[in-house]
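S.K.: next comes the sequence, and after it the predicted model I'd like to discuss.
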2 protein chains.
Amino acid sequence: MPKRVDHEERRAQIAEALIRVAGRRGLHAVGMRDVAAEAGVSLRLVQYYFQSKEKLLFYGLQHLTDRFTARVGARLAAAGPDPGPRATIEALLLASLPTDEESRTFHLLYSSYAILSVTDGALAAQPFIDNPDAAENALTGLLESAQAAGLADPGADARIEAISLLAMAATMGTGILVGQRGPESAVAVLRHHLDRLFTTAERPAPPA
Amino acid sequence: MPKRVDHEERRAQIAEALIRVAGRRGLHAVGMRDVAAEAGVSLRLVQYYFQSKEKLLFYGLQHLTDRFTARVGARLAAAGPDPGPRATIEALLLASLPTDEESRTFHLLYSSYAILSVTDGALAAQPFIDNPDAAENALTGLLESAQAAGLADPGADARIEAISLLAMAATMGTGILVGQRGPESAVAVLRHHLDRLFTTAERPAPPA
DNA sequence: CTCTTCATGGTACCGCCGTATCAACACCGT
DNA sequence: ACGGTGTTGATACGGCGGTACCATGAAGAG
């Protein structure tokens, strides 16, 4: 048999080419030929690993969310070992804002996919229900633990505040994308609400 | 000369056909032939009143926002004569949620246009800066007057709260579109924040 | 060694879409 | 009445995009 190639890795390469070109020209404008050229492979190869454009797009969405999840995880790790709830939440929210090229591409493409899923039944709408739900649950949990630790206002409704924070971050992210708003403005608004929710100044456990 | 036709009215008819078909099949999937068929006219006529597809799309966006503005105005008028600031704000925010067919279409298409404008320089990005700015300014003014009237928490930052409310309404609107969230949930979150901002129960000026 | 199977390239087909062209028809001013 | 302009229709054209088909290396199994 011929040189055995890791299919999954190839698919990932092609998917990243899709993400790059879609980030530049828009998801609606991307064709199989563009993806092939961007990935430096032949059109036939794209067809070989993904039988149809629909499957390519589907895989691309999966890859996009995976990359983003990993990125958020890296941000959290970079926030230091055992950061307090507020630092964790702040890192989470700020990571979702389109401040650099990668997050800008993510925000743009994720939004494009979401809008697409409304009318094109082919693209599963499930990711756009499950992912936000998971984010809401995670943030709700963080807020609740902050309340339990006496760091956040115990009278606040954790779930409602979690939904609110995520919703604000999302819309302001789009605002940044279209040039309506600067990142500083978005950060200021988010910090304002965190200040409202977190009563006490936060101290990581002192080292001795 | 032939039967004189009101061009502006014709354009409006065609634009509404565009909005209907785009609301059903997605903005990306709409072609001139679809618009012509939906409007019950020939393809040539669409070309006659709009020289290119780009101009058709541009006009469609304008028409969409005009219709929405009128709709919001009607909602406000329906809220009764001289409603208090809170009722006004609530009507404003709830009108933007995709709860019926028309608002659903508006939300979907406006989002589609916004995403498009990020990558396609042809579609002016200006509307997506000016309209949100105007909404923010209007809502900020309403909040400030509520504060001046002693109805809302005077310590709140009116502009930040206005931005927050609009941002929450927008993202939750998309959440409703994709089926992640029900309208009741969105309304509950918005009301929660209004309850936080408005200290006093509101009374319209009693009639004598 | 050769045969099978995986991997890859080149290219053709078909349909759709935006645009342009040719033509007919209707009405109004003069 | 009649010409001319505003309006409408049918159709053709060029391009592009997704998919399908054929062919050719490349390498491990027997």
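M.R.: Right, received. Where do you want to start? A quick note: this is a predicted structure, and the numbers were derived from the prediction, not measured. Numbers count the residues shown, from 1 in each chain, chains lettered A, B, ... in the order given.

S.K.: show the subsequent helix or strand relative to the helix or strand encompassing residue A:44.
M.R.: Per DSSP states H and E, residue A:44 falls inside helix A:43-49. Note on helix A:43-49: by DSSP H and E, the next helix or strand toward the C-terminus is helix A:53-78.

S.K.: now the very next helix or strand once past that following helix: average pLDDT?
M.R.: Downstream of helix A:53-78, the next assigned helix or strand under DSSP H and E is helix A:85-95. Across helix A:85-95, pLDDT averages out at 95.

S.K.: for stretch A:59-66, same thing?
M.R.: If you average the pLDDT over stretch A:59-66, you get 97.

S.K.: what are the contacting residues of that stretch?
M.R.: Contacts to stretch A:59-66, defined as Cβ atoms under 8 Å, 6 or more residues apart in numbering or on different chains, come from residues A:11-12, A:15-16, A:18-19, A:22, A:50, A:106, A:109-110, A:113, A:123, A:127, A:131. C-beta coordinates here come from the backbone N, C-alpha and C atoms, glycine included.

S.K.: distance of residue A:192 from residue B:157?
M.R.: 7 Å (Cβ to Cβ, to the nearest Å).

S.K.: and for residue A:51, the neighbour number?
M.R.: Residues lying near residue A:51 (other Cβ atoms under 10 Å in any protein chain shown) number 9.

S.K.: and it, how close does it get to residue A:11?
M.R.: As judged by Cβ to Cβ, residue A:51 and residue A:11 stand 12 Å apart.

S.K.: quick one: residue A:176 from residue A:106, how far?
M.R.: Using Cβ to Cβ, which is the criterion applied here, residue A:176 is 12 Å from residue A:106.

S.K.: so what's in contact with the two at the same time?
M.R.: Both residue A:176 and residue A:106 are contacted by residue A:98, under the criterion Cβ under 8 Å, 6+ apart.

S.K.: and chain B, is the strand or helix carrying residue A:173 touching that?
M.R.: When elements are defined using DSSP H and E, residue A:173 is found to belong to helix A:158-177. Yes - if you take Cβ under 8 Å from any Cβ of the partner chain as the test, helix A:158-177 does meet chain B, through A:160, A:163-164, A:166-168, A:170-172, A:174-175, A:177.

S.K.: give me the average confidence score over that helix.
M.R.: Here helix A:158-177 scores 98 as its mean pLDDT.

S.K.: using pLDDT, spot the least trustworthy of the contacts of stretch A:59-66.
M.R.: Out of the contacts of stretch A:59-66, that is residue A:123, at 86.

S.K.: can I assume residue A:179 sits in a helix?
M.R.: No - per DSSP: H, G, I helix; E, B strand; the rest coil, residue A:179 lies outside any helix segment and is coil.

S.K.: what is the neighbour count of it?
M.R.: A count of neighbours around residue A:179, defined by other Cβ under 10 Å, yields 13.

S.K.: quick one: contacts for it?
M.R.: Residue A:179 is in contact with B:125, B:128-129, counting by Cβ under 8 Å, 6+ apart.
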